[in-house]
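Engineer: 3D model of this:
(2 chains)
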Amino acid sequence: EADIYQTPRYLVIGTGKKITLECSQTMGHDKMYWYQQDPGMELHLIHYSYGVNSTEKGDLSSESTVSRIRTEHFPLTLESARPSHTSQYLCASSESVPNTGELFFGEGSRLTVL
Amino acid sequence: AQSVSQHNHHVILSEAASLELGCNYSYGGTVNLFWYVQYPGQHLQLLLKYFSGDPLVKGIKGFEAEFIKSKFSFNLRKPSVQWSDTAEYFCAVNAVATGFQKLVFGTGTRLLVSP
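Structural biologist: Residues are numbered from 1 along each chain as shown, chains lettered A, B, ... in the order given. Below is the predicted model of the structure:
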């Protein structure tokens, strides 16, 4: 069972709407991540966080923003959604010690922007 | 920059057939290697991992993978697949020397096992 939760699982919205994808983990992990996954493509890292009040851009440029006010919570926000934002967004976390890189994933949020 | 190549995008097998999925990575230093699996409608979960030691690692559900450093490869194998192995399989690499651990994933291989 995953201890990392994402809501909503599915979201269909119109262009221009503001949306927030929620991600929470109960494992006490310092590091958290957002990946973007499109069919037939590799997972692309769009944001990550070392810990509270730390956020960094990932390898793939994204118009989304993230915040990390609490260890367990790492929400992703799109201020004005566009059809190009249609994708699946995966949240993950990992331990700092040992620092192996093993990620624990949530079930994903599938976003469709009309 | 690191990259991961999975050469088989779609694989179709009959039950009891043997499976081998290729994974190659580009990074000259020390790596941690992973195979993740995503069953239909479920989240990505760890299948197996290599950090150090014996290059032949065993994971859940009868899967194994062999790390061949000279070939920069970490191929996934299973002697006899089952219908329940139908899923998407992702290879991932983490370059240990780069400090903050960021997994780089391959494009995934979609496996369909017919009963």
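Engineer: Tell me where the model's unsure across chain A.
Structural biologist: A:1-2, A:99 (pLDDT under 70).
Engineer: For it, which residues are neighbours of chain B?
Structural biologist: Residues of chain A found near chain B (Cβ under 8 Å from any Cβ of the partner chain) are A:2, A:31, A:33, A:35, A:40-43, A:45, A:48, A:50, A:58-59, A:90, A:92, A:94, A:99-108. Placement of C-beta: from N, CA and C, glycine included.
Engineer: Mind giving me the ChimeraX command for buried ones among those?
Structural biologist: This is the ChimeraX syntax for the buried subset of these, where burial follows 16 or more other Cβ atoms under 10 Å in any protein chain shown:
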select /A:2,31,33,35,42,43,45,48,58,90,92,94,101,102,103,104,105,106,107,108
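Engineer: In strands, which of the residues of chain A next to chain B fall?
Structural biologist: Judged by DSSP state E, these include A:31, A:33, A:35, A:45, A:48, A:90, A:92, A:94, A:104, A:105 as members of strands.
Engineer: Look through chain A and state the residue closest to chain B.
Structural biologist: Nearest residue of chain A to chain B, counting by Cβ to the nearest Cβ: residue A:101, 3.2 Å away.
Engineer: Now do the same contact list for residue A:58.
Structural biologist: Counting by Cβ atoms under 8 Å, 6 or more residues apart in numbering or on different chains, residue A:58 touches A:33, A:34, A:35, A:44, A:45, A:46, A:47, A:48, B:102.
Engineer: And the residue nearest the centre of chain B?
Structural biologist: residue B:35 (3.3 Å; Cα atoms, centre = their mean).
Engineer: What helices and strands are in contact with the helix or strand bottoming out on mean pLDDT in chain B?
Structural biologist: Across the helices and strands of chain B, mean confidence by mean pLDDT, DSSP states H and E is lowest for strand B:104-105: a mean of 88. With contacts defined as 3 or more Cβ pairs under 8 Å, 6 or more residues apart in numbering or on different chains; DSSP states H and E, strand B:104-105 has these neighbours: strand B:3-5, strand B:87-95.
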